[in-house]
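Participant: what follows is a protein structure lacking sequence information:
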């Protein structure tokens, strides 16, 4: 399984864009990049995922480098409610081994 | 849809006691998962199931057992509770597509004293 590396914590001012990096240098060609977040005491929440192209939805944007060895999650206008732990995950192959392994993630603090 | 539900929300066990954490989903998802999360740490996969009658070990299966007799239910059994099993337990489910996401329950906070 490809592993990911994320900073332990980050701060971002409220109203600014929060850019969360993730390295996944051993990613294989058929693996997707997923992002989840976990607000204190709640279950993880899906944010976005992508394979090669940049993706955008109502929550965030995902920028994947051309070599796919790293990606950045962008929260365009961070609010206090975005304070959470953000997990970058590279998806293992489908089938009986279709499981998701979470790392320690990045603890994002949105500052008022 | 209620989504993924877990019971109980909280539980305190004595060392050596046993209990079953319940997980039910009403989305007709094939895949279901059990994770544990220790304070300040990420989630670790305990067991998962790709369909009724099929279960597989995750990263940390020791001390736990699971069964999957129906699509909806995926109970997690602790036979001899130990303090090391003090954690928050999350159940999740997912449809079988490669690009589909997991949906998580609210968690069960377990303390073993």
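Facilitator: Structure's in. What do you need? None of these values were measured; they are calculated from a predicted model.

Participant: so the nearest residue to residue A:64 once chain neighbours are set aside, which state does it fall into?
Facilitator: Residue nearest to residue A:64 in three dimensions, not counting chain neighbours: residue A:71, with 4.6 Å by Cβ to Cβ, 6 or more residues apart in numbering or on different chains. Just so you know, the C-beta spots here come from the backbone N, C-alpha and C atoms, and that holds for glycine as well. Look at residue A:71: counting by DSSP: H, G, I helix; E, B strand; the rest coil, its state is strand.

Participant: how close does residue B:96 get to chain A?
Facilitator: Relative to chain A, residue B:96 is positioned 8 Å away (Cβ to the nearest Cβ, to the nearest Å).

Participant: gap between that residue and residue B:102?
Facilitator: Using Cβ to Cβ, to the nearest Å, residue B:96 is found at 12 Å from residue B:102.

Participant: neighbours of the closest residue to chain A within chain B, how many?
Facilitator: Across chain B, no residue is closer to chain A than residue B:104, which sits at 3.1 Å (Cβ to the nearest Cβ). The number of residues packed near residue B:104 is 24, by other Cβ atoms under 10 Å in any protein chain shown.

Participant: pretty sure it sits against residue B:88.
Facilitator: No - Residue B:104 is beyond contact range of residue B:88, at 11.2 Å (criterion: Cβ atoms under 8 Å).

Participant: show me what from chain A comes close to chain B.
Facilitator: Selection of chain A residues close to chain B by Cβ under 8 Å from any Cβ of the partner chain yields A:32, A:34, A:41-46, A:49, A:85, A:87, A:91, A:94-96, A:98-105.

Participant: secondary structure element holding the residue nearest the centre of chain B?
Facilitator: Nearest to the mean C-alpha position of chain B, by Cα atoms, centre = their mean, lies residue B:34 at 3.0 Å. Element membership for residue B:34, per DSSP states H and E: strand B:31-37.
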